[in-house]
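Chemist: sequence-free structure coming up:
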Ligand SMILES: Nc1ncnc2c1ncn2[C@@H]1O[C@H](COP(=O)(O)OP(=O)(O)OP(=O)(O)O)[C@@H](O)[C@H]1O
Ligand code: SF4
Ligand SMILES: [Mg+2]
């Protein structure tokens with residue numbers, strides 16, 4: 001894959017990142033595991049079941065993509081993993097997050113903050129929310145570097161310039177003196193990536209890092225992230241609602257729906273043999289990348305569930321073209337499709353005999369493709 005590197009104010013950069021990173025990467029074992037993560041918001045309207053029992057493992061050096069429609073719980077899950085959401089004040093949390101042997105969920109805010117930046121870094125959707133509008137770019141970078149590394153201010157300033165160059169920003173010596181509003185959206189996101197990578201984290205959590213950007217810049221930023229991730233052999237959790245984005249940029253995919261993982265598999269396997277009808281629907285919801293422009297974007301019929309009163313049984317049942325009586329009353333557990341790496345939640349999986357029969361029965365009964373009886 002070639003990585004485009006040419007939006008406004010962007011130049012090719014030399015490799016100043018990652019010195020000393022490779023030896024810190026352990027063998028292919030799990031770097032971070034999240035077990036049975038639950039986040040509920042107690043509101044006047046009722047309890048919002050934002051994340052319900054999500055378990056995943058991110059392995060050293062891999063890209064794990066978390067994909068799902070808006071409101072499926074991706075951000076809340078990511079923020080809980082990062083320790084940015086804790087219990088109290090109407091928020092209920094359960095489950096364990098373990099990073100390289102340390103239970104992050106048992107640490108105090110102060111202890112946890114030692115991991116932020118130095119081990120685990122976060123990139124958000126809108127760079128303006130992570131950049132301070134009244135501080136120069138250089139100052140924001142050096143602050144993070146000095147906080148986590150034993151270097152002088154002068155060394156940190158030099159490193160700031162090198163970092164900006166390594167994320168492809170031209171004239172880094174001038175950029176360090178500029179304020180965020182003086183840069184384009186793409187350039188600002190490159191700055192947040194530079195800040196995130198400034199302490200050589202082993203894990204990068206990127207929550208929809210490009211949705212605030214226009215399409216060409218989106219691809220450039222994603223390619224930059226992919227390039228940095230493979231160069232630094234950093235693990236990355238890449239959150240997106242767009243399956244197309246992660247097809248060539250992830251090793252594994254976890255599909256989220258209504259606060260749950262509904263399918264997880266190695267990326268090629270997920271695209272070749274999706275089991276969960278929601279995964280299939282997400283795939284059909286995006287046009288082929290090289291397809292003609294007039295192809296209509298097929299949205300998934302129906303609405304995502306209300307997380308205060310989700311449907312009993314399978315949460316996708318009101319929208320599922322395969323749904324049968326059992327789906328309305330019994331929630332399917334995660335089960336394996338051949339290996340522990342491919343798991344899905346469905347009674348009548350795509351491509352199976354029972355799935356084919358279920359879909360045919362619905363067609364016979366005159367159900368619409370949306371699964372509405
Ligand atoms: N503080 C809160 N109080 C109540 N409900 C909340 C709160 N924060 C998030 N939610 C709800 O939790 C659910 C999951 O939200 P989340 O932001 O994780 O979705 P998402 O998958 O990241 O969506 P998007 O793709 O739009 O970013 C949503 O229904 C949201 O409305
Ligand atoms: S077939 Fe049933 S269990 Fe499977 S996704 Fe559809 S509604 Fe859910
Ligand atoms: Mg989100």
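Modeler: Nice, thanks for sending it over. Source: prediction; values computed, not measured. Numbers count the residues shown, from 1 in each chain. Ligands and ions are numbered 1, 2, ... in the order given.
Chemist: how far away is the spatially most central residue of the chain from residue 125?
Modeler: The centre of the chain sits closest to residue 239, judged by CA atoms, centre = their mean, with a distance of 1.6 Å. Separation of residue 239 from residue 125 (CB to CB, to the nearest Å) stands at 9 Å. For the C-beta atoms, the positions are set from N, CA and C on the backbone; glycine is no exception.
Chemist: do residue 337 as well
Modeler: Distance, residue 337 to residue 125, using CB to CB: 32 Å.
Chemist: repeat for residue 353
Modeler: Per CB to CB, residue 353 is found 42 Å from residue 125.
Chemist: before we move on, what about residue 352?
Modeler: For residue 352, the distance to residue 125 equals 37 Å [CB to CB].
Chemist: Those two: which is more packed in?
Modeler: Higher neighbour count among residue 352 and residue 125: residue 125, with 18 against 15, using other CB atoms under 10 Å.
Chemist: Could you pull up the residues touching that one?
Modeler: Contacts for residue 125 (CB atoms under 8 Å, 6 or more residues apart in numbering) come out as 207-209, 211-212.
Chemist: could you pick out which of those are near ligand 3?
Modeler: Near ligand 3, judged by CB under 5 Å from the ion, there are no entries from these.
Chemist: I'd like to know which of those is nearest to residue 304.
Modeler: Residue 304 lies nearest to residue 208 out of these, by CB to CB, at 16.3 Å.
Chemist: Per-residue pLDDT of the nearest residue to that closest one once chain neighbours are set aside, please?
Modeler: Nearest residue to residue 208 in three dimensions, chain neighbours excluded: residue 125, at 4.2 Å (CB to CB, 6 or more residues apart in numbering). Residue 125 is assigned 77 on the pLDDT scale.
Chemist: Is residue 125 located within a helix, as I assumed?
Modeler: No. Counting by DSSP: H, G, I helix; E, B strand; the rest coil, residue 125 falls outside a helix, being coil.
Chemist: Distance of it relative to residue 192?
Modeler: Taken as CB to CB, the span from residue 125 to residue 192 is 10 Å.
Chemist: packing partners for the host helix or strand of residue 156?
Modeler: Assigned by DSSP states H and E, residue 156 falls within helix 153-166. If contacts are counted by 3 or more CB pairs under 8 Å, 6 or more residues apart in numbering; DSSP states H and E, helix 153-166 sits against helix 137-148, helix 172-175, helix 185-197.
Chemist: how far does the shortest one sit from the chain's center?
Modeler: Pointing back at helix 172-175 there. Centroid separation for helix 172-175 versus its chain: 30 Å, with CA atoms, centre = their mean, to the nearest Å.
Chemist: which parts of that helix are buried?
Modeler: For helix 172-175, a neighbour-count test (16 or more other CB atoms under 10 Å) marks 172, 175 as buried.
Chemist: quick one: contacts of it?
Modeler: Contacts for helix 172-175 (CB under 8 Å, 6+ apart): 9, 137-138, 160-162, 164-165, 169, 183, 187, 191.
Chemist: tell me the average confidence for stretch 266-275?
Modeler: Average pLDDT, stretch 266-275: 97.
Chemist: Distance of residue 87 relative to ligand 2?
Modeler: The gap separating residue 87 from ligand 2 is 31 Å, by CB to the nearest ligand atom, to the nearest Å.
Chemist: hmm, the helix or strand bottoming out on mean pLDDT in the chain touching ligand 3?
Modeler: The helix or strand of the chain with the poorest confidence is helix 127-130; it has a mean of 77 (mean pLDDT, DSSP states H and E). No. Helix 127-130 lies out of reach of ligand 3 by CB under 5 Å from the ion, never closer than 12.1 Å.
Chemist: Please, which helix or strand holds residue 350?
Modeler: Counting by DSSP H and E, residue 350 is found in no helix or strand.
Chemist: What count of nearby residues applies to it?
Modeler: 22.
Chemist: How about the contacts made by it?
Modeler: By CB under 8 Å, 6+ apart, residue 350 lies in contact with 274-277, 279-280, 322.
Chemist: And it, how far from residue 358?
Modeler: Counting by CB to CB, the gap from residue 350 to residue 358 is 10 Å.
Chemist: How about the contacts made by whatever residue of the chain ends up closest to ligand 3?
Modeler: With CB to the ion, the shortest gap between the chain and ligand 3 falls at residue 75, namely 3.1 Å. Residues in contact with residue 75 (CB under 8 Å, 6+ apart) are 207-208, 239.
Chemist: and if we set it to 7 Å?
Modeler: Counting by CB atoms under 7 Å, 6 or more residues apart in numbering, residue 75 touches residue 207.
Chemist: Tell me the predicted confidence for it.
Modeler: 95.
Chemist: Out of the contacts of residue 350, flag the one nearest to residue 117.
Modeler: The closest of these to residue 117 turns out to be residue 279 (CB to CB; 34.0 Å).
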